[in-house]
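Enquirer: prediction below, plus the sequence it came from.
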Amino acid sequence: MVTMRFDGSFEAWRGCARSLLQQGIAPHEVNWAAGTEPAGLFDSQVTADLGEQAKPIRIARPLLDELQIASRFRIENRWSLLYRVLWRVAQGDPSARLVGDVDGSELHGRIKAVRREAHHLHAFLRFTPLATDTAPSHVAWFEPAHDVLPWAAGHFADRMGGNSWLIATPDDGVCWDGAQMHYSRPCPTEWRQLAQRATDPGGELWKTYYESTFNPARLNQGVMETNLPVRFWKNLPEGMLIPQLMSRARAGAQRDGQAERVAGKAGKRIGRTPGQTMDN
Amino acid sequence: MQLIEKLSVLADAAKYDVSCASSGAPKRSSKGKSGLGATDGMGICHSFTPDGRCVALLKILLTNFCLYDCQYCVNRRSSDVPRARFTPEEVVELTLDFYRRNCISGLFLSSGIIRSADYTMEQLNRVAKLLREEHEFRGYIHLKTIPDADPLLIAEAGRYADRLSVNIELPTEASLVRLAPEKQVVTIRQAMGHIHQGETEASAEQRAPRFAPAGQSTQMIVGADSTDDSTILHTAQSLYGSYRLRRVYYSAFSPIPHSPSTVPFEAPPLLREHRLYQADFLMRGYGFKATELLSAPGNLALDIDPKLAWALANRDQFPVDLNRAEAALIARVPGIGVLSAKRLVDLRRQKRIRFDDLTRLRCALEKAKPFVITQDYRPRLAGQESHTLRQHLRDTPAQLALW
């Protein structure tokens, strides 16, 4: 058994994997120790740069991209599968990459979960505007299930134009100053505080919209929870409304689609002849 | 009336239109520019309400004052609902604020008919113009098109909007005459024709100004009249064919407050709406024709999905040998989707397909089992009568009625 010790980054892993391939060391003989993980008790240590003089190994770009995305999936021992797939493809077994394969299926399962989490970040992150004139003008706190932040945050530079913003997570943070992206892991304390302590007096409008656009006559909790997993509710401004709206709809307060808040207001029928009532 | 009060009235008034797509727009970015917003062709659902529907756009009416008296509509002139009207600037302000908060990917704006069709359409266009030109907003805009509006106004809307839609609402002319006396099939179809023409012209020339690049859609209300699924699907098929609609949405009629006696007091089962969406998806993505899914007048089965229903009615096509059949036929097997069909075809270039491969592709095995042959598997149930299979494969338990 050999132990590969590296800093936990994909680039460093790639260097290690290259030298292992050149030395012909099979996946079951390798133990991956990322960052400060302890090595096995009886393991021997191998360094990454043994194979400088060996023949170069060519790996297709699409496979490297797949491995890199899969490496963002948080799981103990995340690097072993990646090396196993790489090893098998390098040995001339391209089916290791396919969804129908045992390893390929696991690889693509991780890729799918990572992509889904990036999508969750794009969808369920909420910026709070800050009242100050200093950057960043918008801050957000988000708790992703996988290491997607540096990869997925560029999306917001496209969306937000000249607005500056900051996203803090329990592990890392990213800040866009209007022109450049700054990434930091771990997340600086001041970033975390900015994101978590932001107050939002203007947030009522969104909650009102959410309540009104819900149709209580069509309550469907299962579909909702599949699409908006419960773990995201606590960081969403509308999250605290969800249980209330569900229990009120379930209690039969609403037999039609109208929001309670609207039902409470006085109605207005319109006369047959079109007239001034249209332009109040 | 305060902005927040208007918002609660005009969002409530708009929610019966179920379209929420924010996809199909061309790539736009605000990186390093003034202005706000981006699109990349993919839609984003920013939230979901407890009815299971997604929130992708700020979906509101400019006003719910309306001259029309469509019986199924909560905003009909004889309806006793609170009324409100936004100014165009208020809609702009709300859109930009929600967008910066990352609550939405754009705006879906519709309106009751006030003064005239042209005036109403002008008001909608004004909001889109303010957003695009004054605020350089590059997010998604979906505008409702007023059927009787001047074609020039529809052309203007197409320049600002990513998507336009005209709602046909009821699938037959007879129902429209009875329930929506001010609407006419002819003008609805004309408006769809104008939009289709605009799209065609814009795509014919490279440098032509953009016209509704995410195409047009429409909505049909299900269960407000007695029209059956067969008529609904055939109408949808004809709309897809004639105007190249991107989507037809089906909206189960939702009981409305102070409902008139011309429309039902109860909602149809949501499952019926679900089956229509499944059938629609089979027409758009799998090459099924409406007559294959429903060969005679009537409704889709509620206990089994339309693909399984088709397979049970066409047992002579099965079982399908996954190691030999074309991808299009594999995709017609219940429990195997288009993507899995493609993956199976990819995989069999490397090896023979075995039953375990279906497990790894996460196909719906119970459904697929009676209909496939793999290298190591032949269906024991292949000889079974269709009605026995149906008993075995039906979705149970049946959906409970809402109470």
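Expert: That came through, no problem.
Enquirer: alpha carbons only for contacts and neighbour counts from here, please
Expert: Noted.
Enquirer: ok now stretch A:185-202, how far from the chain's centre?
Expert: 18 Å (CA atoms, centre = their mean, to the nearest Å).
Enquirer: ok, stretch A:202-217 next?
Expert: The answer for stretch A:202-217 is 25 Å, by CA atoms, centre = their mean.
Enquirer: same question, stretch B:86-94
Expert: On CA atoms, centre = their mean, the centre of stretch B:86-94 falls 26 Å from the chain's centre.
Enquirer: and if you look at stretch B:305-313?
Expert: On CA atoms, centre = their mean, the centre of stretch B:305-313 falls 22 Å from that of its chain.
Enquirer: so which bits of that stretch are buried?
Expert: B:305, B:306, B:307, B:308, B:309, B:310, B:311, B:312 (16 or more other CA atoms under 10 Å in any protein chain shown).
Enquirer: can those residues go into JSON lines with extra columns for secondary structure, distance to chain A and pLDDT?
Expert: Output for those, formatted as JSON lines (DSSP: H, G, I helix; E, B strand; the rest coil; distance: CA to the nearest CA, whole Å; pLDDT from 0 to 100):
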{"residue": "B:305", "secondary structure": "coil", "distance to chain A": "18", "pLDDT": "94"}
{"residue": "B:306", "secondary structure": "helix", "distance to chain A": "20", "pLDDT": "96"}
{"residue": "B:307", "secondary structure": "helix", "distance to chain A": "21", "pLDDT": "96"}
{"residue": "B:308", "secondary structure": "helix", "distance to chain A": "22", "pLDDT": "95"}
{"residue": "B:309", "secondary structure": "helix", "distance to chain A": "24", "pLDDT": "95"}
{"residue": "B:310", "secondary structure": "helix", "distance to chain A": "26", "pLDDT": "96"}
{"residue": "B:311", "secondary structure": "helix", "distance to chain A": "25", "pLDDT": "94"}
{"residue": "B:312", "secondary structure": "helix", "distance to chain A": "28", "pLDDT": "93"}
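Enquirer: what's the closest of these to residue B:375?
Expert: Minimum distance to residue B:375 across the buried residues of stretch B:305-313 is 21.7 Å, recorded for residue B:311 (CA to CA).
Enquirer: you'd agree the closest one is up against residue B:331?
Expert: No: using CA atoms under 8 Å, residue B:311 makes no contact with residue B:331, being 11.4 Å away.
Enquirer: element containing residue B:201?
Expert: If you go by DSSP states H and E, residue B:201 is part of helix B:185-204.
Enquirer: send me that helix as CSV with only the CA atoms.
Expert: Output in CSV follows, covering the C-alpha atoms of helix B:185-204 (Å, rounded to 0.1, in the frame of the first residue of the first chain):
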residue,chain,number,x,y,z
VAL,B,185,-60.8,31.8,-31.9
VAL,B,186,-60.1,33.7,-35.1
THR,B,187,-58.3,36.6,-33.5
ILE,B,188,-56.4,34.3,-31.1
ARG,B,189,-55.1,32.3,-34.0
GLN,B,190,-54.3,35.4,-35.9
ALA,B,191,-52.2,36.7,-33.1
MET,B,192,-50.4,33.3,-32.9
GLY,B,193,-49.9,33.6,-36.6
HIS,B,194,-48.3,37.1,-36.3
ILE,B,195,-45.9,35.9,-33.6
HIS,B,196,-45.0,32.9,-35.7
GLN,B,197,-44.4,35.1,-38.7
GLY,B,198,-42.2,37.4,-36.7
GLU,B,199,-40.1,34.5,-35.5
THR,B,200,-39.8,33.1,-39.0
GLU,B,201,-38.7,36.5,-40.4
ALA,B,202,-36.1,37.0,-37.6
SER,B,203,-34.6,33.6,-38.0
ALA,B,204,-34.4,33.9,-41.8
